[in-house]
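S.K.: sequence-free structure coming up:
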């Protein structure tokens, strides 16, 4: 894997990750429609991210968490009400590429998240940097497809890469064990939603430790 890093960028991210309080991130750069940030998630895990904001309280994020394998993608919308642990497919496409379907994306409240596996990392990264538009669709839900501009994505990714180098060398304490798991809850479904049918209750993601870890 080839990282385009600079000493100044690595030092900037190391400072942010090393000094951030829990559940705190800091924007490092803004490039076109995208911002690049670093810091820690709610449980204190070091995190890198790239994000773009849209209308209707929507946002899309590409994240890397210390100790996790591959990229984590997250879509947020303020009007969603997704029962915890609901699984449904999400399709991500860049320009005319066939895209990548996450058949078991996991939702909770206003967020859905899924992974880009390590064997697809380079393919996704190259298309993200070279692409013009990114499209996210929700085949089983009533939510219309999202389209995000990739203006500024090459520079954003160049700034994102040094952060991965930094957090990959930082672990996070998983915290004390707990006697309970994900608890399904019933929630109303006002407006369009990214899932369809009856909610499926399940643990939040294989190998994941709950959404606190993945909240920015």
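M.R.: Yes, it's here. This structure is a prediction, so every number in the text was calculated from the model and none was measured.
S.K.: okay, now the unreliable bits of the protein?
M.R.: 1-23, 170-178, 180-190, 197-216 (pLDDT under 70).
S.K.: ok now do the spatially most central residue of it, which residues does it touch?
M.R.: By C-alpha atoms, centre = their mean, the chain has its centre lying nearest to residue 73, at 2.9 Å. Residue 73 makes contact with 60, 61, 62, 63, 92, 102, 113, 114, 115, 116, according to C-beta atoms under 8 Å, 6 or more residues apart in numbering. C-beta coordinates here come from the backbone N, C-alpha and C atoms, glycine included.
S.K.: in ChimeraX, select just the buried ones from those residues.
M.R.: Buried residues among these (16 or more other C-beta atoms under 10 Å), as a ChimeraX selection:
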select :60,61,62,63,92,102,113,114,115,116
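S.K.: now, which of the contacts of residue 73 sits nearest residue 77?
M.R.: residue 60 (9.9 Å; C-beta to C-beta).
S.K.: for that closest one, phi and psi?
M.R.: With angles defined as degrees, to the nearest 10, residue 60 sits at phi -130, psi 130.
S.K.: same check, this time on the one 4 residues further on
M.R.: Comment: the main-chain dihedrals of residue 64 come out as phi -130, psi 130, following degrees, to the nearest 10.
S.K.: from residue 85, how far out is it?
M.R.: To residue 85, residue 64 is 24 Å away according to C-beta to C-beta, to the nearest Å.
S.K.: quick one: strands adjacent to the helix or strand harbouring residue 76?
M.R.: For residue 76, the element it lies in under DSSP states H and E is strand 71-77. Using DSSP bridges, the strands paired with strand 71-77 are strand 58-65 (antiparallel), strand 111-116 (antiparallel).
S.K.: distance between the longest one and the chain's centre?
M.R.: It refers to strand 58-65. 3 Å (C-alpha atoms, centre = their mean, to the nearest Å).
S.K.: what angle do the top helix by length along the chain and strand 58-65 make?
M.R.: Counting residues, the longest helix found in the chain (DSSP state H) is helix 153-167. Computed by axes from the mean of the first three to the mean of the last three C-alpha atoms, to 10 degrees, the angle separating helix 153-167 from strand 58-65 equals 40 degrees.
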